[in-house]
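> Sequence first, predicted model second:
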Amino acid sequence: MAEVLFFLAAIGVVGGAIGVVVLRNPFYTVLALVVHLLSLAALFLTLRAEFIAAAQVVVYAGAVMVLYVFVVAYVGGGEAATGSGQASELRVLAVLFAGALFVCLCIATLGSGLQALGTEGAEVGAGYGTPQQIGDLLLGRFLLPFELASYLLLLAAVGAVVLASRRRGVGEGAEPVISVAQLLRPRGTGTMAEAVSGLPAAQATGDRDEREARERGDQGKERDDDADDDRPRVDHGASDRGGS
Amino acid sequence: MAIEWYLALSALIFVIGAGGVLTRRNPLVILLCVELMLNAGNLALVAFNRMHGGGDGQIFALMVMVVAACEVVIGLGIIVALYRRHLPIDVDEMRELQG
C-alpha cells in the first residue's frame, strides 16, 4: 500500500515538474506547479510529516500560487519561440549539465554509505510530525529562527510594496507635501497661499504627471515610443517656474 | 518505502528545476523552477528527518518555505516593476537592473 501511494505521488511530482519546464503558456506552467505541490504534500504524508504537508497545501498551493496566477494574469503573454541556433545549442548543453548533476547527486546521496538509507526510518511515536510537536520545537528550541523568519516576512512585504508601487521605487522625485491647512481648506477658496503656490487642484493632478513625464524623459533613450514623451520639454520648465 | 527512494526522487526534481532555470527565458517560469529546486530540498530534508527521527528537519523545511515565499514576493514585485516600465519580460534582454 505504501509503495503504491509512493509511486502514484512520485508520478504526480515528476509529471508536474516536467510540465513546469516544458509548457509554453505561463498559466499552464503555474497549474502544473500546483499539481506538483499537491503530490509533494502526499509524499510528505507518507513520510509522517503531517504538519508540513498541511502547510504545503495551505501556504504554497493556496497562497503563493494565487499570487503567481494574479501576476501571470497581469503581465500575461507567452514566451517567444527561440529560433536561433545558439539557443538550441544552449538547450543541449543545459540538458547535458542537468544529467551530469543528477548523476553527481545520486552518487552523493545514495553512495554515502549511510546504513539507515535502506531502511524505512527510525521508530517514531504516535505524536510524530503533529502540530503539537512542531509547535513545541518552534517555540522552544527554534524560537530565534522563528522570530527572525517573521522579520524576514515583514521585510519582504515592505520590499514588494516599494518595488511594485506606482512611484517606481525609492528616492525618485520629491514627495508631494500635504499640509493640514490644505486638508481643512476647500480648494479654490482664493487664499494668499494659493496665489503663491498655484491652485491645489493643478498641483494634485498635474504635478504627478509632470514628474512621471520627467522621469520618462530621463530614460527616454530606452523607451522613445512612449506616449507621454511626445510632450514638449519646454512646457515642463515653464510650468515649474510659473508654479513656484 | 526506503529512504533512498525519496532521495533519488528529490535529486530528480532538483535536476528538472535546474534544467528549467537554464533553458527558460521568462522570469516568471524561472521563479517557478527555483520553487521546484527548493521543493526538492524540502523533500530531502523531510526524508532525512524521517530517517533520524526527531523534528529538526521539519522545522528546517518550514524555514525553507518561509524564505521561498519571501523570494517569490520580491521576484514577482520586480517582474511587475519591469512590466510597469514597459521593459521586455525576458531575462536575455535584462542585462542590467540599475535604474
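Good, I have the coordinates.
> Once you drop chain neighbours, what's closest to residue A:13?
Among residues not flanking residue A:13 along the chain, residue A:39 sits closest, at 4.4 Å (C-beta to C-beta, 6 or more residues apart in numbering or on different chains). From N, CA and C alone the C-beta is placed, and that goes for glycine too.
> Need the three-state assignment for residue A:93.
helix (DSSP: H, G, I helix; E, B strand; the rest coil).
> quick one, helices of chain B?
Along chain B, the segments classed as helices by DSSP state H run B:3-23, B:27-52, B:56-84.
> Make CSV from those and add mean pLDDT to it.
Formatted as CSV, those follow (pLDDT from 0 to 100):
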stretch, mean pLDDT
helix B:3-23, 92
helix B:27-52, 92
helix B:56-84, 90
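> Next, the contact list for residue 28, please.
In the absence of a named chain, this looks at chain A. By C-beta atoms under 8 Å, 6 or more residues apart in numbering or on different chains, the contact set of residue A:28 is residue A:19.
> that's the other chain; I wanted chain B
Contact analysis of residue B:28 by C-beta under 8 Å, 6+ apart lists A:26, A:29, A:68, A:71, A:72, A:75, B:76, B:79, B:89.
> cool, residue A:20 as well?
A:29, A:32, A:33, A:36, B:16, B:17, B:20, B:29, B:32, B:33, B:36.
> need the residues you listed in a markdown table with distance to residue B:1 and neighbour count, can you?
Listed next are the contacts of residue A:20 as a markdown table, based on distance: C-beta to C-beta, whole Å; neighbours: other C-beta atoms under 10 Å in any protein chain shown:
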| residue | distance to residue B:1 | neighbour count |
| --- | --- | --- |
| A:29 | 29 | 24 |
| A:32 | 24 | 20 |
| A:33 | 24 | 25 |
| A:36 | 19 | 27 |
| B:16 | 20 | 25 |
| B:17 | 22 | 25 |
| B:20 | 26 | 25 |
| B:29 | 31 | 24 |
| B:32 | 27 | 27 |
| B:33 | 26 | 24 |
| B:36 | 21 | 27 |
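> Looking at those residues, spot the one nearest residue A:120.
Nearest to residue A:120 among the contacts of residue A:20 is residue A:36, at 24.5 Å by C-beta to C-beta.
> can you tell me the helix or strand for the closest residue to the closest one other than its chain neighbours?
In space, residue A:36 comes closest to residue A:16 once its chain neighbours are excluded; the distance is 2.8 Å by C-beta to C-beta, 6+ apart. Applying DSSP states H and E as the criterion places residue A:16 in helix A:2-22.
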